[in-house]
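Any chance you can model this:
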Amino acid sequence: MEMADKQDAPTAAVVVDSDGLVSGWSEGGRLLLGWTAEDTVGRPVTDLLVDPPPPGFPEGYGAGPDPTGLILLRHRDGSTVDAVVAAHPLSGPDGRALGHVVTVQRWGRRPVIADRAFEQCPFALGVYDPELRFLWINASSGRVIAHSEEQVLGKKYRELFPEFDREMFPERDDKPYTDQLAEVVRTGKPARLMTVFRPLGSNYANAWATSFWPVRDAEGRVRAVANWGFDMSAEYWARQRLLLLNEATRGIGRTLDVIGTAQELARTPVPGFVDLVSVDLFDEVLRGEEPPSASAFTPGETIALRRAAQHSAKEDKKDTDRAPGPTIPVSHSPGSVAARCMATGSSVVELAAEPGQGGEWAFGPGLAADPAHWPPGNPLIDESLAAKGLTGRITVPLQARGALLGVVAFSRSDRPEAFTADDLILAEELTAKAAVAIDNARRYSRERATALTLQRSLLLQQLPSQEAVEVASRYLPAGTGAEVGGDWFDVIPLSGARVALVVGDVVGHGLHAAASMGRLRTAVRTLADVDLPPDELLTHLDDLVIHLASDLQPAGHFQPTGEFGATCLYTVYDPVSRRFTLASAGHPLPLIISPDGTRTPVDAQPGPPLGIGGLPFEATELELPEGSLLALYTDGLVESRELDVDQRIAELLRVLNHAATSLDGLCDTVMDALLPERRTDDAALLLARTHALDPQHVADWDVVPDTAQVPLARKFALDQLEAWGLEEASFVTELVVSELVTNAIRYGEPPIRLRLIRDTSLICEVADASSTAPHLRRARAFDEGGRGLLLVAQLTQGWGTRHTTDGKTIWCAQTLTEPEPEPEPR
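The predicted model follows:
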C-alpha cells in the first residue's frame, strides 16, 4: 500500500517563509515524502534535501526558460525521492514578499514524464481540432513545418500553408495530407499515409510515413485528430535503389547485342537516378573481339573508345525505342577522370561544390550521407562541372571477367541532390550487371560471326548454269539474339540435262549446326554425282548422319535420336520428260503451282528425319507442265507463334504469284510477307520455274546388238549434228559414239539405245540392260583394247554412269562454243 501511495502520490505543496522555514505543509507532502505537518513546519526546508541545497534555493530555483528543476529529496523512511520542484513567489496585500510556494512532483509521475516524452519525441506529433486548427505540436513537428508552437496554435493548416500550385510545385503538394486529416474527422477511423515531398530549404525529397487517429471524448464524439509521422527517407531511397536494380535485372541484357545492351544500360537509370548516362566501349568489344589488355595501355596515352549509347532525361520518350544508331568515336585524355578509372579499375565521384557550401545543397538523409562511408579518394570536388551544367558525375569502369570493356558516366544536371555513397554503390551495381551482359553479347557476336562466315562459305554462292529450270533463292539467318542455324539449299546439274533441287535443315544452332550442314551438303553433292535416285540418296545420307552422330558420342552411349539430326528434301527434274521426282526425309514437301495458277498436289509421304535409321524413304514422280512454279523452303519460313503451319502454308501459297516475271522479285515478296522482324530461326527459300527441252533437241535410236551396227550409229550421230548445225563437234562425237556403242554391244545386254541431247552442251548417252559399270584402266603397250573410255574422258568435258531400274546409262558431254557474232557492216 505504501508503494502504491508513492507511485500515485499527488503533487505536494510546501509554503516556505522568507527565512527559509517551512510554514505550511499539504497532505500531498505527507503522501509523497511521508512527513507530517508536525514534522516539518518550523524546520528549514533544506532539511528535506539529500544533498546540499543548490544556489538560490528555493528563491531562485526553477527560474529561467525551464521553470522546473530536478532535485533529490529525503523520505521519512530513509529512502530518497527524485522530484521535480518549482518555486513560485508568495506576496502579501501590500506587495511585500512573504516567501515561496514550492510544488513538488515525483519524477516519473505519468503526467510529467509523458509531457516531456511527447515534447522530446524525435517523431513529428500534432493535434488538430475538427476544423483542422492546430491544438498542439511538439518540437520535431515544428522543425518540419518551420514554425513554433506559438505560431501555429489556434490557426488552420491552410491559413499557415496555402495550397501550392501542384503543376509548378509538385514536390510541395500537401493536399493528400490535409485530405487525410479531414477524412479521419469525417469517418472517425484511423488511417495511414505515405508522402514524398521536398521540405522548404532542402534539395532532397523526403519520404514521410504518417499515422492519423481520432481523439474522442467520454461520449465517443470526435473532438480532435492526432497524428504522428517519421522521416523514413533512408529506407525509402534504399527501396527505390532496390527497385531500380530489379528493373535493371529485367531490362538489361534482354538481347545478345552489344549496342542494344549498352542502350539498355543508358536508359534504365534515367530519370529515376540520374539525368544523363553515356556508355563508351572499345572498338574491339563492338566487333566481338577480345578487348585490349591492361598492358596495351601506355602511360600518358589518349584512350580511344566509341560512344555506344547515350541517354538523357531531356530526350523524347518516342525516341527511346529507336534502332541502335552508328557509334561515334570519343577520346579520353591521360589526365581525365575516365582514363584514371580505366587505369585503376576504381570508380570516381565528382561533385560540383563542397557539401553545404553556399547553402546550395546538403547531403541526403541516412548513413549514406556520412563522408566516412565514402571510399578513399571520393568524392572529388570539380568546380568545372557547373560550367557543363552538371551538379555531379559518377564514372565507373566497365569490367567483366577481369577484362576492361569501357567506361560509363552517370551525370546529374536537373536533379539538385548531391550524390551519396549509396548512389556510388548503385552505379557500380548497375554497371556490373550491364558489363556481364555486354561481355556475353560480345562473346556471342564473335561466335555468331564465325558461324555465319562458316555457314555462308558452305552455302551455294552462285547458281550453276543449266537450262532445266529458272532458279532464284534467298537465305536469311535468324535475327539478332538467335544463333546461326543449319539451313541450306543447293542446285546440282545432273547428267542428261537434269537438275537436282535440294533443301535441308540441321537440328540445333551455332557452329556445330553450321559445320554439320556443310558435311551434309558435301555428302549430297557427292551422292548426286553418282546419279542415285532420290530415295536411295536419302538412304545413304541417313547412314552418314547416324555415323556422324555416333562419332560425337562416348563409346557405348550411342543413341540414334541424338542431337545430330536433320531434314532434307531431294528432288530431280528432267526437262526432256518433264518428270519431277522427289523424296523427303522429314522435310516439308515442295509447293507446285501450275502455269494456270492452280496448285498441283504432291501425293507423297515424308519419311523420317535423317539420323533415325531403319525406316525406308519413298520416291514420288510427277509429270509437270512446262512453266510450273516450284517452291522449296525450310520450316523457318512457315513457323509462327500466332498461326499453325497449315495457315502459314496457305499464306505462302497466296503470296506465290505464278505469273511473276522475276523470280528474284518474287523471293523478296515472299520473305517480306512471311518473315517477322524478330526471327528465331533461319529461313531458306528456293524458287524454280520449269523448262521443257524442245523435242527437236533430242534424238534417239535403237541399236541392234551387232558390231556391224556401229558404222550406222556413227552415221546417225553425224546426220543429227548436221541437222543441228554442229558440224564442228563431228570428229569428237564420231569417236565417242563409236566407243560407247561398241562397249555396249560387247559387254552390255540388250536393249541398247543411243540418245543425243542438245542443251548447253552436247550430250551423248548409250543405255543398256546390264548393271555392270565400266571403269577406266591403263592399257599396256601390246593390249588391243582398254583405251576407249580413256579417249572418251580425254575428249569430253565430263562422263559417267547412271544406274536405272532396268540397267545403266553411260554418258558424256561436250561443251558447245557459242558462234561469234558477225561484224556489223561499216
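
going forward, measure contacts between C-alpha atoms and count neighbours the same way
OK.

Quick check: what element follows the worst-scoring helix or strand of the chain on mean pLDDT along the chain?
When each helix and strand of the chain is scored by mean pLDDT, DSSP states H and E, helix 2-7 comes last, with a mean of 41. Of the helices and strands lying after helix 2-7 in sequence (DSSP states H and E), the nearest is strand 12-17.

And that next one, what's buried?
12-17 (16 or more other CA atoms under 10 Å).

Kindly report the same for stretch 531-551.
Buried-residue list, stretch 531-551, by 16+ other CA under 10 Å: 531-539, 541-546, 548-550.

Partner strands of the strand or helix carrying residue 406 and their direction?
Element membership for residue 406, per DSSP H and E: strand 403-412. Strands that pair with strand 403-412, judged by DSSP bridges, come out as strand 276-281 (antiparallel), strand 392-400 (antiparallel).

closest one to residue 52 among those?
strand 392-400 (60.3 Å; CA to CA).

quick check: angle from the next helix or strand after the strand holding residue 406 to strand 403-412?
Per DSSP H and E, the first helix or strand lying C-terminal to strand 403-412 is helix 421-458. Counting by axes from the mean of the first three to the mean of the last three CA atoms, to 10 degrees, helix 421-458 lies at 130 degrees to strand 403-412.

same for helix 421-458, what does it pack against?
Counting contacts by 3 or more CA pairs under 8 Å, 6 or more residues apart in numbering; DSSP states H and E, helix 421-458 packs against helix 233-251, helix 258-267, helix 283-286, strand 392-400, strand 403-412, helix 511-529.

Pull out the buried positions in it.
Using 16+ other CA under 10 Å as the test for burial, helix 421-458 gives 421-424, 426-428, 430-452, 454-456, 458.

again, but for stretch 340-347
Applying 16+ other CA under 10 Å to stretch 340-347 flags 340-343, 347 as buried.

JSON lines for those, including pLDDT and distance to residue 76?
As requested, these are arranged in JSON lines below (pLDDT from 0 to 100; distance: CA to CA, whole Å):
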{"residue": "340", "pLDDT": "88", "distance to residue 76": "77"}
{"residue": "341", "pLDDT": "90", "distance to residue 76": "76"}
{"residue": "342", "pLDDT": "90", "distance to residue 76": "79"}
{"residue": "343", "pLDDT": "86", "distance to residue 76": "79"}
{"residue": "347", "pLDDT": "93", "distance to residue 76": "70"}
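
quick check, nearest of these to residue 584?
Nearest member of the buried residues of stretch 340-347 to residue 584, counting by CA to CA, is residue 342, at 57.7 Å.

and the closest one, that one's in a helix?
Yes. Assessed by DSSP: H, G, I helix; E, B strand; the rest coil, residue 342 belongs to a helix.

ok, it touching residue 406?
Yes. Look at residue 342 against residue 406 with CA atoms under 8 Å: they come within range, at 7.4 Å.

Quick check: neighbours shared by the two?
residue 397 (CA atoms under 8 Å, 6 or more residues apart in numbering).

Using PDB, write out every CA atom in stretch 87-100.
In PDB, the C-alpha atoms belonging to stretch 87-100 read as follows (Å, rounded to 0.1, in the frame of the first residue of the first chain):
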ATOM      1  CA  ALA A  87       9.200  27.700  -6.700                       C
ATOM      2  CA  HIS A  88       6.600  30.400  -7.000                       C
ATOM      3  CA  PRO A  89       6.900  33.700  -5.200                       C
ATOM      4  CA  LEU A  90       4.300  34.500  -2.400                       C
ATOM      5  CA  SER A  91       3.400  38.200  -1.800                       C
ATOM      6  CA  GLY A  92       1.200  39.900   0.700                       C
ATOM      7  CA  PRO A  93      -1.600  42.600   0.100                       C
ATOM      8  CA  ASP A  94       1.000  45.300   0.200                       C
ATOM      9  CA  GLY A  95       3.300  43.500  -2.300                       C
ATOM     10  CA  ARG A  96       5.700  42.500   0.400                       C
ATOM     11  CA  ALA A  97       7.400  39.200  -0.200                       C
ATOM     12  CA  LEU A  98       6.200  36.600   2.200                       C
ATOM     13  CA  GLY A  99       8.200  33.700   0.900                       C
ATOM     14  CA  HIS A 100       7.500  31.000  -1.700                       C
END
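
now what about that stretch, what contacts it?
For stretch 87-100, using CA under 8 Å, 6+ apart, the contacting residues are 15-20, 58-62, 68, 101-103.

now that we have the residues you listed, which one has the most neighbours?
residue 16 (27 neighbours; other CA atoms under 10 Å).

so what's that residue closest to, chain neighbours aside?
residue 22 (4.6 Å; CA to CA, 6 or more residues apart in numbering).

quick one, helices of the stretch 651-800 of the chain?
Applying DSSP state H, counting those that start in this stretch to the stretch 651-800 of the chain gives helices spanning 663-674, 710-724, 730-747, 788-795.
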